[in-house]
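Student: One predicted model, sequence on top.
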Amino acid sequence: MTLEETSAQAFKLESLTQESLTRGLMVLANLDSDLARILETLGPPPMWQREVGFATLLCIILEQQVSLAAARAIFTRLCGVVVTLTPENFLTLDDVQLKAIGFSRQKILYCRGLADAIVSGQLDLTNLEKMDDTAIRTELKRLKGIGDWTVDIYLLMALQRPDVFPKGDLAIAIAFQKLKNLATRPTPVQLEAMTQHWRPWRAIAARLLWHYYLSNANSKSVTVSQ
């Protein structure tokens, strides 16, 4: 194990900071000339931080397989109806109200299941912060409608874990294909295999790829896939 890997492993349960982001960017630039080119051309990527908790996880569920703009519009309308977005308050809304806000039948099922799990004590989001990435993935994927992509985004943006790579994200696949001049868009399995050398800083590499994707003037919104 290299010095950089040992250092990152020691902080695997801690959130990324500006200091560790800078260090990780330096490591990645030395490992991969294409990532170095993004950094040199566009500068450091944003941290893309989100609040830990129910509201963020619900928002990520809304973002599954739709544009971020569409998901954010629904989330904004929801927050206009439920001023304090807690699991308990969310559960006071019926199907008619949620459909009027923009929820699909599936998203109603998934988000209500999440709220129910928290209210019943089946899921403790605060306790998740003390777990490692694998344990968090196991806990969250027990809930219907939460798959690897949703977990990846929560780990990466809310918990700020350093080595999470959302291999099912369409924007990342598009950016990777363009960056590496690939003839075809890589599958999630291929992306996982082709990015192993970026460990243990893959969450920072993901930020660089999003940064690269969004730098395209034609990319007004990010469509994601789970």
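Tutor: Cool, got the structure.
Student: dump the residue contacts of Asn92.
Tutor: Careful, residue 92 is Thr and not Asn. Applying CB atoms under 8 Å, 6 or more residues apart in numbering to Thr92 gives the contacts Val82. Every C-beta, even on glycine, is put in place using the N, C-alpha and C of the backbone.
Student: so where does it fall, helix or strand?
Tutor: Under DSSP states H and E, no helix or strand contains Thr92.
Student: how close does it get to Ser120?
Tutor: Counting by CB to CB, to the nearest Å, the gap from Thr92 to Ser120 is 16 Å.
Student: Show me what the longest helix along the chain is packed up against.
Tutor: What stands out as the longest helix in the chain, according to DSSP state H, is helix 105-120. Packing partners of helix 105-120 (3 or more CB pairs under 8 Å, 6 or more residues apart in numbering; DSSP states H and E): helix 54-63, helix 87-90, helix 95-101.
Student: any chance you could map the strands in the chain?
Tutor: In the chain, no strands are found when defined by DSSP state E.
Student: what's the closest non-adjacent residue to the spatially most central residue of the chain?
Tutor: Geometric centre of the chain, nearest residue: Ile153, 1.4 Å, by CA atoms, centre = their mean. Computed as CB to CB, 6 or more residues apart in numbering, the closest residue to Ile153 that is not its neighbour in sequence is Ile60, at 5.0 Å.
Student: isn't the one you found right next to Leu156, touching?
Tutor: No - using CB atoms under 8 Å, Ile60 is not in contact with Leu156, being 10.2 Å away.
Student: Give me the more crowded residue out of the two.
Tutor: Neighbour comparison, Ile60 and Leu156: the larger count goes to Leu156, with 27 against 23 (by other CB atoms under 10 Å).
Student: For that one, give its distance to Asp32.
Tutor: 19 Å.
Student: next one: Lys180
Tutor: Lys180 sits 10 Å away from Asp32, going by CB to CB.
Student: can you map out the helices along the chain?
Tutor: 3-10, 18-31, 33-42, 54-63, 68-81, 87-90, 95-101, 105-120, 125-128, 133-140, 148-153, 170-179, 188-194, 202-214.
Student: As TSV, the ones you listed with mean pLDDT would be great.
Tutor: TSV is the format used below for these (pLDDT from 0 to 100):
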stretch	mean pLDDT
helix 3-10	44
helix 18-31	96
helix 33-42	97
helix 54-63	98
helix 68-81	96
helix 87-90	98
helix 95-101	98
helix 105-120	98
helix 125-128	94
helix 133-140	97
helix 148-153	98
helix 170-179	96
helix 188-194	97
helix 202-214	97
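Student: ranking these by burial, who's on top?
Tutor: Across those, averaging neighbours per residue (mean count of other CB atoms under 10 Å) puts helix 202-214 on top, at a mean of 24.
Student: Quick check: closest non-adjacent residue to Leu98.
Tutor: What sits nearest to Leu98 in space, not counting adjacent residues and going by CB to CB, 6+ apart, is Ile108, at 5.0 Å.
Student: For that neighbour, which residues are in contact?
Tutor: By CB under 8 Å, 6+ apart, the contact set of Ile108 is 95, 98-99.
Student: Kindly report the same for Gln122.
Tutor: Going by CB under 8 Å, 6+ apart, Gln122 touches Asp116.
Student: And the pLDDT at it?
Tutor: Here the pLDDT value assigned to Gln122 is 97.
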